[in-house]
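A.B. asks: Fold the following for me, if possible:
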Amino acid sequence: MFRFKLIAWALISLNLLGQEIPDYKGEYTFTNSKFSIDGIRDLTTKEDGLRILKFEGKFPMGRIKIRSNFIEEDNQITSSEYLVDVKWTVFKDKRTIIFDQKNNKLISKGKYKWTQSLLEDQNIFDPLNVQIQIRKNIIANISEFSLKLPDLKIGAIEDNTYRIIEDKAVEVNGKPYICKVVQRIRLQENRITRYFIAPELDYLIIRVEDIDEDGDTLLELKKLL
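C.D. replies: Numbering: from 1, shown residues only. Alright, predicted model coming up:
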């Protein structure tokens, strides 16, 4: 059995090697019970290898910016910084999580302040760059997996379980795409998130549904730029 597991993991690793999620840019709409935001979501790669995944949008009397900085080498995503910056009338909410890989620390600044030790030999993602790893796992035909993310309020590092539940058509700019629907369940929050991943678009996430007792949210691709 142990030998079988080693062989299986080796095959998965081979499937993941050489995968590179390409840069992209698209118009997305974020909607919840209170407001709707039209914005730009894009993934870019700098000359030094830094990859930046971000969403920036504006709404009446406000704006929002969410950004993830990370490095991707040898199929390994290494988180660097996660930023949330929201302004609405006089209300401001700015949060930053720094992944101090050198000192093995996770540091949160802004609304929530805490410091957490990074787990040795464990890869910790943020809420944005984890979506890159989800896409890579689906490309590699991994139908169920677990990834580690910090609780943004208190810093506890938690396992998040994902699995493919179905295929479903989603229309973007008048064209239907057959998507792999990946569901995440966070039992500690009574929260369900579904990612709709389109193989025809380099396994791009074109829709995210978040079902929460505090209110549902939806992120939808309107068109690629």
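
A.B. asks: Look up phi and psi at residue 211.
C.D. replies: phi -110, psi 110 (degrees, to the nearest 10).

A.B. asks: and the gap between it and residue 190?
C.D. replies: 9 Å (CB to CB, to the nearest Å). Backbone N, C-alpha and C define where each C-beta goes, glycine included.

A.B. asks: How about residue 83?
C.D. replies: 27 Å.

A.B. asks: More neighbours: these two, which one.
C.D. replies: Each of residue 83 and residue 190 has its neighbours counted (other CB atoms under 10 Å); residue 83 has more, 19 against 11.

A.B. asks: three-state assignment of the more buried one?
C.D. replies: Of the three states, residue 83 takes strand under DSSP: H, G, I helix; E, B strand; the rest coil.

A.B. asks: give me every residue that touches it.
C.D. replies: 65-68, 94-97 (CB atoms under 8 Å, 6 or more residues apart in numbering).

A.B. asks: Can you say which of those residues are buried?
C.D. replies: 66-68, 95-97 (16 or more other CB atoms under 10 Å).

A.B. asks: Can you lay out those as a markdown table showing secondary structure, distance to residue 54 and pLDDT?
C.D. replies: Conversion of the buried ones among the contacts of residue 83 to a markdown table gives the following (DSSP: H, G, I helix; E, B strand; the rest coil; distance: CB to CB, whole Å; pLDDT from 0 to 100):
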| residue | secondary structure | distance to residue 54 | pLDDT |
| --- | --- | --- | --- |
| 66 | strand | 6 | 96 |
| 67 | strand | 4 | 98 |
| 68 | strand | 7 | 98 |
| 95 | strand | 14 | 94 |
| 96 | strand | 14 | 97 |
| 97 | strand | 15 | 97 |
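
A.B. asks: which of those residues lies closest to residue 143?
C.D. replies: residue 68 (25.1 Å; CB to CB).

A.B. asks: and the residue lying closest to that closest one once chain neighbours are set aside, what pLDDT?
C.D. replies: Spatial nearest neighbour of residue 68, chain neighbours left out: residue 128 (3.6 Å); criterion: CB to CB, 6 or more residues apart in numbering. Per-residue pLDDT puts residue 128 at 96.
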